[in-house]
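# need a structure here:
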Amino acid sequence: MKKLVRTADRLEGTITLPGDKSISHRAVLLNALADGRAHVSNYASGEDGASMLRCLRGLGVRIRKHSSCEVSGADECLEVVGRGAEGLVEPSGVLNAGNSGTSMRLLSGLLAAQPFLSVISGDRSLRGRDMGRIVEPLTRMGATILGRSRDTLAPLAIQGGELQGIDYLLPMASAQVKSAVLIAGLFAKGRTTVVQPAESRDHTERMLRAMGANVEANGLRVSVRPSELRAVDVEVPGDVSAAAFWLVAGCCHPNAQVRLKDVGINSARAGVLDVLSAMGGRVRAENVRETGGEPVADLVAESSELTATKIGGDLVPRVIDELPVLALAACFAEGTTVIKDAAELRGKESDRIETTIEGLSALGAEIEGRPDGMVVNGSGKLHGASTQSYGDHRIAMTMAVAGLIAAGETTVDGAEAASVTYPDFWDTVDELATGG
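Residues are numbered from 1 along each chain as shown. Model prediction:
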């Protein structure tokens, strides 16, 4: 599907974002292991969220959608009936994680501890993404995991068993790998400890703690012991990764004011706010509060005079999903922006270093690639062109935002990729460009 995006004279509007995907996944997975019933409102719409629900139902978990939620007052919510620590059933077929790397990695941690055989796979893109980073620690804990390419690629056949807690040093900061090991640690003998080289998003630890798990966090060390979880209701905040596109649009467009409602601003996740602040972006937080252990605020972004910055080191895990759209912001920043230490981008839904460079170059950006990142010389202007998504939702949305700012008309081929995480994205593009 192709979408045409024209330069907007003004960007203005109030946007309600889809639920945070990372928190949504953890809310339904961990409540599936709990005792009791939980209601999850503002669950992440899109194909990735559906993939997690499909896999959990394949393990015997009852998940029902309600048209209204008495607990949160939301228009709709999911009811998850927990099966307890030993209540999952052996799936009769292959668990299909679709395009969701989060689903595959977190569920693998769960499946590693189950007393049955399971097979988990996904679409072509997901089957090409490295799973060796979870296979290695889960195997050390006692699970048997077989996969393609020397047990590093899906489909993964997982024979769970009695696990032993380990101390595990992550080779690179990764919330997904950390979470997979901690989830397995809920069922392992003794203590399971993960040591991170840098801070990564901490949604799993926060939610486990809220559910009564025996979790300890000390700096970059996180430990868990076998725990029985109690069900908790979760109101999922707006996805800050989705917010990033509109924040960049608001800062880069010369005539813009964009308001985003109820955005999760967890410091381990909202590095995009730090980067835009360092670049001189006019972004302010209003109505700051806490919901379900997660900090939330309304964010307002306005036209800004941006300057170049450097993105690397410990900051990268906090902005890894937002780097393509931050590269777009760098096109409108005075000076040269350097993005480094981000080789992980090459193993996402697409090689996001190459696809970002190809898309922005077509629009006239002065950008070049490095093995672990990009260098962008801010020109302050782009022109319309034909671009494509490469089947990657974040590239599709980055090109769309670029089209709202670039002179002329921009087409995005493969625009449907945005629906993986943001089904209403293109409607929001139209509303924002017309002041809706």
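# Could you use CA atoms for every contact and neighbour count after this?
Noted.
# Tell me what the nearest residue to K340 once chain neighbours are set aside is bridged to.
Spatially, and ignoring its direct neighbours in sequence, K340 is nearest to G373 (4.5 Å; C-alpha to C-alpha, 6 or more residues apart in numbering). Bridge pairing for G373 (DSSP bridges) gives the partners R370.
# G373 reaches T355, doesn't it?
No. Look at G373 against T355 with C-alpha atoms under 8 Å: they stay out of range, at 11.8 Å.
# Of the two, which one has the most company?
More crowded of G373 and T355, by other C-alpha atoms under 10 Å: G373, with 23 against 19.
# mind listing what that one touches?
Applying C-alpha atoms under 8 Å, 6 or more residues apart in numbering to G373 gives the contacts V338, I339, K340, D341, A342, A343, I353.
# Got the phi and psi for the fifth one?
The main-chain torsion angles of A342 are listed as degrees, to the nearest 10 and equal phi -120, psi 40.
# What is the burial count for it?
Close neighbours of A342, defined as other C-alpha under 10 Å, add up to 23.
# show me what contacts it?
Contacts of A342 (C-alpha under 8 Å, 6+ apart): G312, V316, I320, D372, G373.
# Out of the residues you listed, which end up buried?
When neighbours are counted using 16 or more other C-alpha atoms under 10 Å, the contacts of A342 contain these buried positions: G312, V316, I320, G373.
# Between the residues you listed, which sits nearest S41?
Nearest to S41, judged by C-alpha to C-alpha, of those is I320 at 26.1 Å.
# Could you double-check that the closest one sits in contact with G347?
No. Checked against C-alpha under 8 Å, the pair I320 and G347 is beyond contact range at 11.5 Å.
# among the buried ones among the contacts of A342, which are in strands?
Residues of the buried ones among the contacts of A342 located in strands (DSSP state E): G373.
# Distance to Q257 and pLDDT for the buried ones among the contacts of A342 - can I get that in TSV?
Output for the buried ones among the contacts of A342, formatted as TSV (distance: C-alpha to C-alpha, whole Å; pLDDT from 0 to 100):
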residue	distance to Q257	pLDDT
G312	29	96
V316	27	92
I320	25	92
G373	30	96
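# As TSV, the buried ones among the contacts of A342 with distance to R54 would be great.
Shown next, in TSV, are the buried ones among the contacts of A342 (distance: C-alpha to C-alpha, whole Å):
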residue	distance to R54
G312	36
V316	31
I320	26
G373	35
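# Okay, now the unreliable bits of the stretch 1-150 of the chain?
Counting by pLDDT under 70, the ranges of the stretch 1-150 of the chain that qualify are 68-75.
# Would you map the strands across the stretch 1-150 of the chain?
With strands called from DSSP state E, counting those that start in this stretch, the stretch 1-150 of the chain shows them at 2-6, 11-16, 37-41, 62-66, 77-81, 95-96, 117-121, 144-147.
# Y422: which of these is closest?
Nearest of the strands of the stretch 1-150 of the chain (C-alpha to C-alpha): strand 11-16, 11.3 Å.
# Give the pairing partners of that closest one; include direction for each.
When DSSP bridges is applied, strand 11-16 pairs with strand 256-264 (parallel).
# how far is the partner strand from where the chain is centred?
18 Å (C-alpha atoms, centre = their mean, to the nearest Å).
# Ok, stretch 375-382 next?
Here stretch 375-382 shows a centroid-to-chain-centroid distance of 27 Å under the convention C-alpha atoms, centre = their mean.
# Let me see the mean pLDDT of that stretch.
Here stretch 375-382 scores 94 as its mean pLDDT.
# try stretch 241-259
Rounded mean pLDDT across stretch 241-259 is 96.
# What are the contacting residues of that stretch?
Applying C-alpha under 8 Å, 6+ apart, the contact partners of stretch 241-259 are 9-15, 17-18, 20, 260, 263, 272, 276, 281-283, 298-306, 321-322, 325-326, 328-329, 332, 397-398, 401-402, 404-405, 422.
# ok, 6 Å please
Contacts with stretch 241-259, where a contact means C-alpha atoms under 6 Å, 6 or more residues apart in numbering, come from 10-14, 281, 299-304, 405.
# before we move on, what about stretch 39-53?
Outside stretch 39-53, the residues touching it (C-alpha under 6 Å, 6+ apart) are 18-21, 24, 77-79, 97-98, 100, 103, 233-236, 419-423.
# try it again with 7 Å
18-21, 24-25, 74, 76-80, 96-100, 103, 233-236, 419-423 (C-alpha atoms under 7 Å, 6 or more residues apart in numbering).
# same check, this time on stretch 261-278
Under the criterion C-alpha under 7 Å, 6+ apart, residues 15-16, 199-202, 237-240, 244, 294-299, 309, 315, 318-319, 322 lie in contact with stretch 261-278.
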